[in-house]
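# I'd like to go over a predicted model; first the sequence, then the structure.
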Amino acid sequence: IRADADRQKTILLANAYRDAEQTRGKGDAQATATYAEAYSKDAEFYAFVRSLNAYREAFSSKGDVLLVDPDSDFFHYLNSQKGK
């Protein structure tokens, strides 16, 4: 009985993992299509959104220290009042 339950558990987990990966893949494909469409409509806005994502990732950890030249391209949108 225990061996059968373990086998069923393994199958269930494998199927759940497969389904999760398929869902993640579909989501990634949709995100990629959305980014491509945004870029084709407004390249500057696309660059702005990508910069915001980079800022979010760079400043997400409370314990990390980030040393970056304030004149670098990384802070392009933060240094400009117009965002350009």
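The structure has been received and is ready for your questions. Treat the numbers as computed from the prediction; the structure is a model and nothing was measured.
# phi, psi for V65 please.
Note on V65: its backbone torsions stand at phi -120, psi 130 [degrees, to the nearest 10].
# contact partners for it?
Under the criterion of Cβ atoms under 8 Å, 6 or more residues apart in numbering, V65 has no neighbours. Any C-beta I mention is one placed from the backbone N, CA and C, and that applies to glycine too.
# gap between it and A54?
Relative to A54, V65 is positioned 17 Å away (Cβ to Cβ, to the nearest Å).
# show me how the protein divides into domains.
1-41, 43-84 (automatic domain parsing).
# Q8: neighbour count?
Per other Cβ atoms under 10 Å, the neighbour tally for Q8 reads 10.
# coming back round to it: how about the domains of the chain in CSV, adding mean pLDDT?
Listed next are these as CSV, based on pLDDT from 0 to 100:
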stretch, mean pLDDT
domain 1-41, 95
domain 43-84, 75
